[in-house]
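Visitor: Kindly return the folded structure for what I paste below:
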Amino acid sequence: MPTLIAQPTRIQSAGNKPKLIDEYVGRVNSRHDALSVAHMRSPGGWVEPGQTPEFDEFTVVLKGMLRVTHRGGVLDVRAGQAVVAHKGEWVQYSTPEPEGAEYIAVCLPAFSPGSVHRDE
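Guide: Here you go, the predicted model:
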């Protein structure tokens, strides 16, 4: 029988400004560790610490622009585009434009604070 997920759980964010993270599927809201799905809304000027995660992250930008800095340069991912950050590769996410960004992030396996390995 299918399982209804009636609402997401708001997750604490990292970064220099408050960002809204609503987890629909994942370790917190649905007790799934194989996959996580979260709706993100970050303000203009937001930046989080760099990270070297133990998971692949698939991100679809719905509004605005998400900047993905990586060891080889910078990708600006705009509404209607997607990006895949591969496990074990260093990345840093930010939303430098004034309107910020809204996006969906899918992590495989599920995101966890212990597996993201943020820079200190």
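Visitor: so which strand or helix has the residue positioned nearest the centre of the chain?
Guide: Centroid-nearest residue in the chain, with Cα atoms, centre = their mean: residue 105, separated by 4.7 Å. Residue 105 is part of strand 101-108 when elements are defined by DSSP states H and E.
Visitor: mind listing what's buried in that strand?
Guide: Using 16 or more other Cβ atoms under 10 Å as the test for burial, strand 101-108 gives 101-103, 105-107. Every C-beta, even on glycine, is put in place using the N, C-alpha and C of the backbone.
Visitor: Would you mind giving these as JSON lines with pLDDT and distance to residue 43 added?
Guide: Below are the buried residues of strand 101-108 laid out as JSON lines (pLDDT from 0 to 100; distance: Cβ to Cβ, whole Å):
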{"residue": "101", "pLDDT": "98", "distance to residue 43": "9"}
{"residue": "102", "pLDDT": "98", "distance to residue 43": "11"}
{"residue": "103", "pLDDT": "98", "distance to residue 43": "13"}
{"residue": "105", "pLDDT": "98", "distance to residue 43": "16"}
{"residue": "106", "pLDDT": "98", "distance to residue 43": "22"}
{"residue": "107", "pLDDT": "98", "distance to residue 43": "22"}
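Visitor: could you give the mean pLDDT of stretch 39-58?
Guide: The average of the pLDDT scores along stretch 39-58 is 98.
Visitor: In it, which residues are buried?
Guide: Residues of stretch 39-58 classed as buried: 40-43, 46-48, 50-51, 53, 55, 57 (neighbour count, 16+ other Cβ under 10 Å).
Visitor: can you give me the end-to-end distance of that stretch?
Guide: 12 Å (Cα to Cα, to the nearest Å).
Visitor: Tell me which stretches of the protein form helices.
Guide: Along the chain, counting by DSSP state H, helices occupy 113-116.
Visitor: Among the buried residues of stretch 39-58, which one lies nearest to residue 5?
Guide: residue 40 (16.9 Å; Cβ to Cβ).
Visitor: what's the closest non-adjacent residue to that closest one?
Guide: Distance criterion Cβ to Cβ, 6 or more residues apart in numbering; nearest residue to residue 40, sequence neighbours excluded, is residue 103 at 5.1 Å.
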